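Trainee: no sequence for this one, just the structure:
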Ligand code: NAD
Ligand code: UDX
């Protein structure tokens, strides 16, 4: 497994848990040192125990020697980053290609080179070209096995996935069968659970991953726009979302309004799909719009808080609950908090923030003036306005009277709808949330 980040570490550990011998190669010295010392460099519930058990069982090792890991391997997975390229929004595949060259140089015997990273359509074929050029003698096949795990629920998602996608070279049937057999063996425990395993061509597998993420991002963006509309017409987005979601064709998941989707995947993958579409002469306009609406939404949320402060946050103390792009992760990549706090900081607000897992990762990406607090009540201390940006469970149970006791003002902007408007109003707060009207709905 080349890359020991969120995907490489979780996938590698879970493959080991399935009974396979796995060597994870990681070049970041901090991450590698942590892993070797038995520490998990990312926040992922349950991962520490699973790693420890598999290391103890001798099935899982960590190192930086790619040759040692690749030699004798039946399959080599590439799970390195594919961040957005600034110039055109396309995924930057340079880390993937660099890893593939390294693999090709040291591989011996038949090897399946598998992309676990999310890669643009056509990457698999380019990898084959690079391998042939680097090692004309090497017996190999290419496969695409995109990963659908979510951070925070990664182990469960990997061990009990809705489906597994295995893409192999449709123009090379003998190779396809060989590669498929190795991957089928690897995923055998999932066969026993009757998990659908979908075999496709390379390009199809690559496009499935972008289509899945973009569809979910579009679904969120849809409910965000409906949420805004609810506010204008006096409707309740919770009831709209629940009711449309009861239609099995729509489905109830991913219909929670938010300050905008973030994270390491949706923003970059929606941008990449639009680039793939444009380059292929087949623009994906719905996703182009999704990208634009989501970017604008994060700015609108900053404006909304400023408007809530009667148009001026200068000199105000703003308490912020939650910084990460979603709960149960320490990941700050493309979190809505980044642009929102930047606007509040530029507006002259004093920001006091707390996040249960993201305090270390947040510092480098948030304005320097942000004060980091020891807990939620500490963040509320002296606040004129309290803002909820991430729906960590521990915030849901905060007693309104306790918040009121800590705060100076009585304004709460809940951008994740974690509290009941009636309860907050009864507690004396001026409370705004997303897509829920002031009037209490009939039950
Ligand atoms: P990450 O940045 O957390 O991890 C990548 C790791 O690879 C880093 O630790 C880096 O040091 C290491 N690395 C880079 N080049 C290397 C090399 N040549 N040899 C060894 N190690 C190397 O990224 P991630 O979040 O794990 O994402 C990896 C890929 O998986 C991306 O393409 C992403 O789109 C995709 N993906 C991510 C998620 C997610 O939730 N994070 C889910 C599904 C798919
Ligand atoms: C996502 C995909 O879900 C996963 O399948 C893929 O492999 C990687 O990308 P992840 O980024 O970990 O996973 O988080 P996810 O739970 O999907 O949330 C992404 C963003 O959407 C977060 O910012 C979250 O707050 C937001 N979101 C999610 C909403 O705003 N509303 C929702 O209803 C659901």
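Mentor: Arrived safely. Bear in mind the structure is a predicted one, so any value in this text is a computation, not a measurement. Ligands and ions are numbered 1, 2, ... in the order given.

Trainee: ok, now which ones touch the closest residue to ligand 1 within the stretch 251-400 of the chain?
Mentor: In the stretch 251-400 of the chain, the residue that lies nearest ligand 1 is residue 264 (4.4 Å; CB to the nearest ligand atom). (C-beta placed from N, C-alpha, C; glycine too.) With CB atoms under 8 Å, 6 or more residues apart in numbering as the criterion, the residues that contact residue 264 are 6, 151, 331, 333-334.

Trainee: next, it: phi, psi?
Mentor: phi -80, psi -10 (degrees, to the nearest 10).

Trainee: swap in residue 167?
Mentor: phi -100, psi 130.

Trainee: what does the stretch 1-150 of the chain have sitting close to ligand 2?
Mentor: By CB under 6 Å from any ligand atom, the residues of the stretch 1-150 of the chain that approach ligand 2 are 147-150.

Trainee: ok, and which of these reach ligand 1?
Mentor: 147, 149.

Trainee: select from the residues of the stretch 1-150 of the chain next to ligand 2 the one having the most neighbours.
Mentor: The residue in these with the most neighbours, by other CB atoms under 10 Å, is residue 147 (23 neighbours).

Trainee: which ones are touching that residue?
Mentor: 7, 11, 79, 116, 118, 158, 209.

Trainee: let's see that with 6 Å instead.
Mentor: By CB atoms under 6 Å, 6 or more residues apart in numbering, the contact set of residue 147 is 7, 116.

Trainee: give me the pLDDT value at the closest residue to ligand 1 within the chain.
Mentor: Per CB to the nearest ligand atom, residue 5 is where the chain lies closest to ligand 1, at 1.8 Å. With respect to pLDDT, residue 5 scores 96.

Trainee: do the same with residue 440
Mentor: 52.

Trainee: name the residues of the stretch 201-350 of the chain found near ligand 2, please.
Mentor: 213, 216, 220, 254-256, 258, 261-263, 265-266, 325-326.

Trainee: how does it look with 5 Å?
Mentor: The stretch 201-350 of the chain has residues 220, 254, 256, 258, 261-263, 265, 325-326 near ligand 2, with proximity defined as CB under 5 Å from any ligand atom.

Trainee: these two touch, right, residue 155 and residue 48?
Mentor: No: proximity of residue 155 to residue 48 does not meet the contact threshold set by CB atoms under 6 Å, at 10.8 Å.

Trainee: same drill for those two, tell me which one is more crowded.
Mentor: Comparing residue 155 with residue 48 by neighbour count (other CB under 10 Å), the higher total belongs to residue 155, at 19 against 13.

Trainee: check which helix or strand that one maps to.
Mentor: Residue 155 belongs to helix 154-159 when assigned by DSSP states H and E.

Trainee: helices or strands up against that helix?
Mentor: Judged by 3 or more CB pairs under 6 Å, 6 or more residues apart in numbering; DSSP states H and E, helix 154-159 is in contact with helix 6-17.

Trainee: who's in contact with the helix it packs on?
Mentor: In contact with helix 6-17 (CB under 6 Å, 6+ apart) are residues 1, 22, 24, 42, 50-51, 54, 59-60, 79, 116, 147, 151, 154, 158-159.

Trainee: now, which of the residues you listed lie within helices?
Mentor: 50-51, 54, 154, 158-159 (DSSP state H).

Trainee: filter these down to the buried ones, ChimeraX style.
Mentor: Buried members of the ones in helices among the contacts of helix 6-17, defined by 16 or more other CB atoms under 10 Å, are picked up in ChimeraX with:
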select :50,51,54,154,158,159
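
Trainee: kindly indicate which of the ones in helices among the contacts of helix 6-17 lies nearest residue 414.
Mentor: residue 154 (27.3 Å; CB to CB).

Trainee: what sits closest to the closest one if chain neighbours are left out?
Mentor: Spatial nearest neighbour of residue 154, chain neighbours left out: residue 10 (4.4 Å); criterion: CB to CB, 6 or more residues apart in numbering.

Trainee: let me know the outermost residue of this protein.
Mentor: Each residue of the chain has a distance to the centre, and by CA atoms, centre = their mean the biggest one is for residue 137: 38.6 Å.

Trainee: any idea how far ligand 2 is from that one?
Mentor: Separation of residue 137 from ligand 2 (CB to the nearest ligand atom, to the nearest Å): 36 Å.

Trainee: reformat the residues of the stretch 1-150 of the chain next to ligand 2 as CSV; add pLDDT.
Mentor: Formatted as CSV, these follow (pLDDT from 0 to 100):
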residue, pLDDT
147, 98
148, 98
149, 97
150, 96
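
Trainee: low-confidence bits of the stretch 251-400 of the chain, can you list those?
Mentor: By pLDDT under 70, the stretch 251-400 of the chain contains no weakly predicted segment.

Trainee: count the neighbours of residue 329 for me.
Mentor: Using other CB under 10 Å, residue 329 has 26 other residues around it.

Trainee: surely it meets residue 153?
Mentor: No: judged on CB under 6 Å, residue 329 makes no contact with residue 153 at a distance of 9.5 Å.

Trainee: what segments of the stretch 51-200 of the chain are helices?
Mentor: Along the stretch 51-200 of the chain, counting by DSSP state H, counting those that start in this stretch, helices occupy 66-70, 94-106, 123-134, 154-159, 173-186, 188-192.

Trainee: export those to TSV and tack on distance to residue 30 and mean pLDDT?
Mentor: Listed next are the helices of the stretch 51-200 of the chain as TSV, based on distance: least, CB to CB, whole Å; pLDDT from 0 to 100:
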stretch	distance to residue 30	mean pLDDT
helix 66-70	18	97
helix 94-106	17	98
helix 123-134	28	98
helix 154-159	20	97
helix 173-186	29	93
helix 188-192	32	92
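
Trainee: could you look up the SS state of residue 291?
Mentor: Following DSSP: H, G, I helix; E, B strand; the rest coil, the label given to residue 291 is helix.

Trainee: surely it is in contact with residue 270?
Mentor: Yes: Residue 291 lies in contact with residue 270 (CB under 6 Å); the separation is 5.0 Å.

Trainee: looking at these two, which is more packed in?
Mentor: Shown here are residue 291 and residue 270; by other CB under 10 Å, residue 270 has more neighbours (27 against 21).

Trainee: and what about the more buried one, helix, strand or coil?
Mentor: Once three-state DSSP is applied, residue 270 turns out helix.

Trainee: where's it relative to ligand 2, distance?
Mentor: 11 Å.

Trainee: report the contact partners of that residue.
Mentor: Here residue 270 is in contact with 214, 217, 287, 290-291 (CB under 6 Å, 6+ apart).

Trainee: chain center to stretch 357-376: distance?
Mentor: 20 Å (CA atoms, centre = their mean, to the nearest Å).
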